[in-house]
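Student: model this:
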Amino acid sequence: MSAATQTPHSDDAAPAGRGALLAALRAEIGAAHVLTGEKTRRWQSDWTGVYRWSPLAVVRPGDAAGVAAVLRLASAHRTPVVPVSGSTGLSGGTHAEGALMLSLDRMNRIRAIRPTARVMVVEAGAILSDIHTAAEAEGLVFPLTFGARGSALIGGCLATNAGGSNVLRYGNTRGLCLGLEVVLASGEVLDLMTDLHKDNTGLDLRQLFIGSEGVLGVITAAVLKLFPRPRAYATAMVAARGLPEALAILNRLQEDTGGKVEAFEYMPRGYIETHLAHVPGAREPFAQTHEVNLMVELGATSPADATPRPDGTVPLVEQLEEVLAGLCEQGLVLDAAIARNETQRREIWARRESAADLTVTSPHPIINDVALAVDKVESFLARASKRLEQVDPGARTFVVAHLGDGNVHYNVWPATTDGTRDEAIRTAIEDTVAELGGSFSAEHGIGVSKLSSMKRWKDPVALDVMRSIKRALDPLGILNPGKTIPDAG
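Tutor: So this is what the prediction gives:
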């Protein structure tokens, strides 16, 4: 995909039909919320800067009725519509050359919080960190979290089925949503805003739209699950002999704490070195260097686990110390540094959450987001390294992983940035993933960057079913065209 900058459209440059469309949109939702030309500048690229485009306009409705009006007009004028949230995606899912971009950023209200039922009703434009703050004010937590939480919108999280660092304990976005409001390509509003945990009345349409990246409908609101906020955390950096030993550490922690592990993240030595080189004030996690560095966090809601003793010790932290000490005696743990206060805990988290920024510290990164069974991660890394050496001997890797759920971010900086080796590199990595029964996409979505991967690896019958669903819900093909579902042939 070319990253060349395009010249923005203007009203004068638009064909007569598009001019009529823009006029109708202004009449429906207000001229101030139909942006063209230079006013669309902030919507003209993705977060990575790899994908750039020039939209016909950016339309910012304030409610579901406005979204419905936009889609009815777009259908009437046969104009493609690309929904956009916080523009934090990594797969080109909002590429919108000549299209209407439908921004949900004005639809940012938290409509209701019901602490007893542990649910929150939000609009699609609510910022993830604002959802966190609102839940915490009620002593609860919405556990979806990742580095871009200060700008990511919940609609985008739902549309891509986002993951993050707490999937191990709480599941990904799909498991954190009870209900949805979706506007279809026709402009019809599909009301799936249930707060029920059980509803066996036919097909679960909610799950059809979560992870569909806006190709089937536009998510405008959701009912989210909330959980008790941990009263205490125990957080540590742990060095292990290898990845098999790391999994033994994870399993032991899960068993001995009754499933209190919230995050279990893998940062190899190369990641640590990149972090030290590019983040001012960054420090080594240990006095000595280690190849396998883990971030571990436990969370406890029980007062018995969280209430400090008279000497100031927190039972949960003490429990983590005891388990790690036993594992050290067994030779599984080489070193450990436990956070003693919130400042130290935040420093540990900042090290892990720097990953996205570190990925783009070298030009032309090839971002791979793969999933494997947790006991096959070590084999994947070894095999992928050998294959990469064959196709691009000068390439460098930048690896970090949600090891607890088998999600590996295997990023590659090719020896050359002209793109000539990109497809060979992707193929080598995906071949390795396929051999081990994994997935080439874990949490970033498909967008445009992985369309060829979908065609190469996805079951042909599954692709045909997806195309049939797309045709049924979007017969004109106006919703985020050219994304997620590859064309036949």
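
Student: From Gly155, how far off is the residue nearest the centre of the chain?
Tutor: In the chain, the centroid-proximal residue (C-alpha atoms, centre = their mean) is Ala162; its distance is 3.6 Å. According to C-beta to C-beta, to the nearest Å, Ala162 and Gly155 sit 11 Å apart. Where you see a C-beta, it was placed from the backbone N, CA and C, and this is true even at glycine.

Student: same check, this time on Thr361
Tutor: Taking C-beta to C-beta, one finds Thr361 at 29 Å from Gly155.

Student: now do Leu102
Tutor: 10 Å.

Student: if we can go back for a sec, my guess is the residue nearest to the centre of the chain meets Asn172, correct?
Tutor: Yes - with contacts counted by C-beta atoms under 8 Å, Ala162 reaches Asn172, the gap being 6.7 Å.

Student: Quick check: neighbours shared by those two?
Tutor: Taking C-beta atoms under 8 Å, 6 or more residues apart in numbering as the contact rule, Ala162 and Asn172 both touch 144, 443.

Student: if we can go back for a sec, Thr361 and Gly155: which is more packed in?
Tutor: Gly155 (28 against 15; other C-beta atoms under 10 Å).

Student: quick one, what contacts that one?
Tutor: Gly155 is in contact with 83, 85, 104, 107, 123-125, 219-220, 222, counting by C-beta under 8 Å, 6+ apart.

Student: ok, and the closest non-adjacent residue to it?
Tutor: Nearest residue to Gly155, sequence neighbours excluded (C-beta to C-beta, 6 or more residues apart in numbering): Ala124, at 2.9 Å.

Student: residues near Pro475, how many?
Tutor: Applying other C-beta under 10 Å, I find that Pro475 has 11 neighbouring residues.

Student: can you check the one 3 residues further on too?
Tutor: By the other C-beta under 10 Å criterion, the neighbourhood of Ile478 contains 19 residues.

Student: Next: Leu324.
Tutor: 22.

Student: How about the one 3 residues further on?
Tutor: Using other C-beta under 10 Å, Leu327 has 21 other residues around it.

Student: name the element Ala159 belongs to?
Tutor: Element membership of Ala159, judged by DSSP states H and E, is helix 154-160.

Student: counting contacts, what elements does whichever helix or strand comes after that helix pack onto?
Tutor: Remark: after helix 154-160, the chain's next helix or strand is helix 167-170, criterion DSSP H and E. Helix 167-170 is packed against strand 261-268, with contacts defined by 3 or more C-beta pairs under 8 Å, 6 or more residues apart in numbering; DSSP states H and E.

Student: how far out from the middle of the chain is the strand it packs on?
Tutor: Taking the mean of its C-alpha atoms, strand 261-268 sits 16 Å from the chain's own mean (C-alpha atoms, centre = their mean, to the nearest Å).

Student: now Lys470: how far from Leu216?
Tutor: Applying C-beta to C-beta to Lys470 and Leu216 gives a distance of 7 Å.

Student: Of those two, which one has the most company?
Tutor: Set Lys470 next to Leu216 and count neighbours by other C-beta under 10 Å: Leu216 wins out with 24 against 19.

Student: Once you drop chain neighbours, what's closest to the more buried one?
Tutor: Spatial nearest neighbour of Leu216, excluding adjacent residues (C-beta to C-beta, 6+ apart): Leu473 at 4.9 Å.

Student: Count the residues that sit near the one you found.
Tutor: By the criterion of other C-beta under 10 Å, Leu473 has 19 neighbours.

Student: Report the contact partners of it.
Tutor: 184-185, 216-217.

Student: Columns distance to His444 and secondary structure on top of those residues, output as JSON lines?
Tutor: Listed next are the contacts of Leu473 as JSON lines, based on distance: C-beta to C-beta, whole Å; DSSP: H, G, I helix; E, B strand; the rest coil:
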{"residue": "Leu184", "distance to His444": "25", "secondary structure": "coil"}
{"residue": "Ala185", "distance to His444": "25", "secondary structure": "coil"}
{"residue": "Leu216", "distance to His444": "19", "secondary structure": "coil"}
{"residue": "Gly217", "distance to His444": "21", "secondary structure": "coil"}
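
Student: Top of those by number of neighbours, please.
Tutor: Gly217 leads the contacts of Leu473 on contacts (other C-beta under 10 Å) with 27 neighbours.

Student: what's the distance between that one and Ala282?
Tutor: 43 Å.

Student: Low-confidence ranges, the chain, go.
Tutor: Low-confidence segments of the chain (pLDDT under 70): 1-16, 90.

Student: tell me the domain ranges of it?
Tutor: Following automatic domain parsing, one gets these domains for the chain: 16-106, 110-228, 232-355, 362-443.

Student: so how far is the first residue of the last one from its last?
Tutor: In terms of C-alpha to C-alpha, to the nearest Å, the two terminal residues of domain 362-443 are separated by 22 Å.

Student: cool, and the second one?
Tutor: Domain 110-228 has an end-to-end distance of 19 Å (C-alpha to C-alpha).

Student: chain center to that domain: distance?
Tutor: Between the centre of domain 110-228 and the centre of its chain there are 13 Å (C-alpha atoms, centre = their mean).

Student: hang on, the earlier thing: need the residues touching each of Leu102 and Gly155.
Tutor: Here Leu102 and Gly155 have Pro83 as joint contacts, going by C-beta under 8 Å, 6+ apart.

Student: can you give me the helices for the stretch 301-450 of the chain?
Tutor: Applying DSSP state H, counting those that start in this stretch to the stretch 301-450 of the chain gives helices spanning 303-306, 315-329, 342-353, 355-359, 377-391, 422-435.
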